[in-house]
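Q: Make a model of this:
(chains A and B)
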Amino acid sequence: MEEESASPKGSRDLPRGADSGPHVGSPIPPHRTLTLQALVHFFLVRPLLKLLFGVGVEGKENLAGLEQFILVANHNSHLDTLFLFQILPPHLVTTTHPVAALDYFSKNRVLFAVARFLFRPVWITRGDREGDSLEGMRERLRAGRSIILFPEGTRGEPGEMARFRKGIGRLAVEFPGVPIVPAYLAGAEKALPKSSSVPLPVWTRVVVGLPQRFRGTAGEITAALEGLVRELEALETGRRHRRLRRPSSIPTVAVLGIDGSGKSTLSRELARLLSTSGRVCLVSDVVEFFEGGEPSRVQPLVTEALRQVIGRRAKTARSLKSYKIPKLAELLLRDHVLEEMKRWYAPDLVVSDGCPLLNMTAWARLYRDEEPDDGLLASAMGILSGREKGSRGDRVFKEFPELMALERLPIPHLHCPEAVLFLDVDPAVSVERIGARGETMQVHETREKLARLRDGYRSVCRVLERDWRIPVRTLDGHRPMDEVTRAALRAFREMGVVEKSGQRKPNDDGVGTAGGGRPSLPGAIPEPPGTMPEPPGTMPEPPGTMPEPPGTTPEPPPDGEPAGGRKPHA
Amino acid sequence: MFSHPSEMVLLGFFLALSLLALARNRLPLPTPVSIYLPYLWTFFLTFTLGTLVSPRVGIWVLAILSFLALREYFTLVDLRIQDRWGVLAAYLAVPFLYYYIHSDWYGMFVISLPVYAFLVIPFAVALGGREAQGSVFSVGVVQLGLFLLVYCIGHVAYLSVYTVWAAAFLVGGVALCDLSAYLFRARDRTPLRSLLLQVLAPAPVVAGLGLALGPWSGVPWVHSVALGILIPALVTTGCFTIDHLEEDLGIERSRLRPGRGEILNSLKSFLYTAPVVFHYLRYFLEAF
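A: Residues are numbered from 1 along each chain as shown, chains lettered A, B, ... in the order given. Prediction:
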């Protein structure tokens, strides 16, 4: 069933049963519970659908007791209407009317006749003014009937939910007494997606949310409703299986900063926040994997265990000379761990506390009295990352003799992050913070050496931004951590590493979009604490305006999340 | 009505199991047990129909079970739109395999899936796809599901065509192993102790079941004892493997439901056991 699509088509050659008045609609059939239509549903359609598609329902009780409602769902397949009819209480089958595009169904007279017999739809003509297309729905609602509406307007790409159109918001404004029930259909996009004509048996599932009433403008109500359906989608598809993505297509963001700048804390907080809408891997002093805002188990990796041992060794070094080799080894292993995590865990995003490539380059400053020029740094970074090939006589090898050894070693090239956050802190403040931790100071954790390191990071960031066109944002590390976190999230949005809440990016490697429809990056950045606005268009429900029969509110599952969606807005 | 006392015993057991399965939601049964019961009941429905009507009727119950399990599997895995022809070929392979079981055509039964279906599926995937990237993954995913949920379950069906009681021994043995694993599960045990317990604890009971059913199943006592060790070992191996796959498929064992892992989880113990026990019995027992 399709509704409200923008493609302008006239209502020519209308089949019998579809008049073409100011609005296209068929006469409202008299209300009888036991009709041939209902019998066909109960004894033919429902058993057949059950056998082929299972049609599991969650939150069915949310429809029980309602005599009139507007059922709103995502639209991926021609089977969607059938699945929604499958979950209707028996007495509502004859009083519920889906909205259907007349110009689509009138192309095939058999299809039109079947749709008319099974559903008695509200026919609309695409291309009509919105007011006209809503007229048929208004008539049914005034007559006490229920309607099924797909506010996306047309079947979208499999597993992808398009933005809702405002027609549903207008209806909600005009009929404030009619509860709107959000539902999410999963599986239909696999059973009979757009562009397929043969349905395949696949388990489908309908998640029915709690009945809602809204106040506000049509736009606000539409947005709030879309949010509710997306929440149901997240509940249903949260832990779906998906293909492994190519490690190279998984973006990495690096958080740089001198010791004591708070980069480890910031990295962890960012990984946790971003994981509410995707799988995020944190490569820091320890490797963690975040999903749904919670850290989850990571299989032990041999490289990671080795890195931990060497990292501890580096931390206890007593001179810069004895610090150099273990730190270098730790950074090389860290880069390897990052690759391993991408390969085996296929996260949506990697947050790296530091970055081996950039750290190595910046740390060169620590061992030199004068600051290397940017060209030299760019060459060093190019060789380490494999972008450039150097020859023995090059200046860069004379300035950085270790680079020659590294190039000769049979190690893969170091990874360059897709975006960088530089947490800038005064070395004096850093030293103070490190002292306050009560830990043994590392050999380089003095004001003078940290100042050199800070210069090194600044130079690296400059090269990255200017020569390599990699987005870099500098954050003020003196501010409280929650402010820094907010600034970091804003920076992520500006840099386009992750997208604004609710907007998803198509999968960048072209695989794995069917079924789960997971975003290639975390699709929704959570607003930092204190800035999350209330969903627009939702107002407290006046007590007693919608009497809920006993048992209509589902019992919350053990984890406290209400079954079938969020509670009615109050 | 009954030509042999064993038929009466099987019918009686089946009726008792039916009552238990029907009343499972009203009885204070643990959730895993009440989820498991309908699938166990399906196997015994096959055997009862096989005994009282004809083995060739009973096997089609397992064909439906294979179809439902495959449907659940294809719901869980991430396939591309263009893999639909491969999925369709996999569904069509269900009657293809069970027809050979129905016909008691062992040669074709054994090669139907690993040779023909496994050649057709990549062809069907290639036929449906403009985009080559990811095709190897898709073919692997479809074939794994077909192998585990149709081919392996098909061995239980074929065993019931040979002798219902040998199949009942297999299913009963697996159920006892699952029960034992449920009863003896403990978190504080070391993996090795837990593994040994899962294999050794049910072994005497399974062997005892084999010995008790021996006169009807035709399995000699020495093989009953051997299978008493083999079945728990295979159940443990199978469960370990499928648990690993379930993790990847996003199946939450705390929230099992049809379409989201309930069928796969309930059948996992049979998947490794059925083909191995089938071929063991076929190799060692001339009666097959």
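Q: Quick one: residues contacting A:Ile258.
A: Counting by C-beta atoms under 8 Å, 6 or more residues apart in numbering or on different chains, A:Ile258 makes contact with A:Val425, A:Pro427, A:Ser430, A:Leu450, A:Leu453, A:Arg454, A:Tyr457. Every residue, glycine included, has its C-beta placed from N, CA and C.
Q: now swap in A:Met481 and tell me
A: With C-beta under 8 Å, 6+ apart, A:Met481 has these contacts: A:Gly262, A:Thr265, A:Leu266, A:Glu269.
Q: How much space separates the third one from chain B?
A: To tie it back to what came earlier, the one meant is A:Leu266. Separation of A:Leu266 from chain B (C-beta to the nearest C-beta, to the nearest Å): 30 Å.
Q: cool, and A:Lys107?
A: 23 Å.
Q: One more: A:Asp394?
A: For A:Asp394 relative to chain B (C-beta to the nearest C-beta), the value is 39 Å.
Q: now swap in A:Thr222 and tell me
A: Distance, A:Thr222 to chain B, using C-beta to the nearest C-beta: 29 Å.
Q: Report the secondary structure element holding that residue.
A: Assigned by DSSP states H and E, A:Thr222 falls within helix A:218-237.
Q: quick one: is stretch B:122-138 near chain A?
A: Yes. Counting by C-beta under 8 Å from any C-beta of the partner chain, chain A is contacted by stretch B:122-138 at B:Glu131, B:Gln133, B:Gly134, B:Phe137.
Q: And for stretch B:226-245?
A: No. Using C-beta under 8 Å from any C-beta, stretch B:226-245 stays clear of chain A, coming no nearer than 9.6 Å.
Q: go on, stretch B:139-158?
A: No. Residues of stretch B:139-158 contacting chain A under C-beta under 8 Å from any C-beta: none, with a closest distance of 8.8 Å.
Q: Go through the contacts of A:Ile258 and flag which are in helices.
A: Of the positions in those, A:Pro427, A:Ser430, A:Leu450, A:Leu453, A:Arg454, A:Tyr457 sit in helices, assigned by DSSP state H.
Q: List, one by one, the residues from the stretch 1-150 of chain B near chain A.
A: Counting by C-beta under 8 Å from any C-beta, the stretch 1-150 of chain B sits next to chain A at B:67, B:71-72, B:74-81, B:83-84, B:87-88, B:91, B:131, B:133-134, B:137.
Q: can you rerun that using 7 Å?
A: With C-beta under 7 Å from any C-beta of the partner chain as the criterion, the stretch 1-150 of chain B comes near chain A at residues B:71-72, B:74-81, B:84, B:87-88, B:91, B:131, B:133-134, B:137.
Q: what about the helices in chain B?
A: So, for chain B - with DSSP H - the helices run B:5-22, B:31-52, B:55-76, B:84-102, B:106-111, B:118-128, B:135-146, B:153-162, B:164-183, B:191-200, B:203-217, B:221-249, B:262-284.
Q: Format those as TSV; extra columns: mean neighbour count and mean pLDDT.
A: As requested, the helices of chain B are arranged in TSV below (neighbours: other C-beta atoms under 10 Å in any protein chain shown; pLDDT from 0 to 100):
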stretch	mean neighbour count	mean pLDDT
helix B:5-22	15	89
helix B:31-52	20	91
helix B:55-76	22	93
helix B:84-102	21	95
helix B:106-111	15	94
helix B:118-128	18	93
helix B:135-146	20	94
helix B:153-162	25	94
helix B:164-183	23	92
helix B:191-200	14	78
helix B:203-217	19	92
helix B:221-249	19	92
helix B:262-284	21	93
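Q: Adding distance to A:Pro326, write those out as CSV.
A: Shown next, in CSV, are the helices of chain B (distance: least, C-beta to C-beta, whole Å):
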stretch, distance to A:Pro326
helix B:5-22, 63
helix B:31-52, 50
helix B:55-76, 45
helix B:84-102, 51
helix B:106-111, 58
helix B:118-128, 50
helix B:135-146, 40
helix B:153-162, 55
helix B:164-183, 46
helix B:191-200, 34
helix B:203-217, 52
helix B:221-249, 36
helix B:262-284, 46
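Q: in the helix or strand of chain A with the lowest mean pLDDT, what's buried?
A: Least confident element among the helices and strands of chain A, by mean pLDDT, DSSP states H and E: helix A:401-408 (a mean of 77). By neighbour count on 16 or more other C-beta atoms under 10 Å in any protein chain shown, the buried set for helix A:401-408 is A:Leu403, A:Met404, A:Leu406.
Q: Between the residues you listed, which sits nearest A:Leu338?
A: A:Leu406 (17.1 Å; C-beta to C-beta).
Q: What's the local residue count around A:Ile325?
A: 14 (other C-beta atoms under 10 Å in any protein chain shown).
Q: Just the buried residues of the residues of stretch B:122-138 next to chain A.
A: B:Gly134, B:Phe137.
Q: wait, what's in contact with the residue nearest to A:His78 when sequence neighbours are not counted?
A: Spatial nearest neighbour of A:His78, chain neighbours left out: A:Leu192 (5.9 Å); criterion: C-beta to C-beta, 6 or more residues apart in numbering or on different chains. Neighbour list for A:Leu192: A:Ser77, A:His78, A:Leu79, A:Pro199 [criterion: C-beta atoms under 7 Å, 6 or more residues apart in numbering or on different chains].
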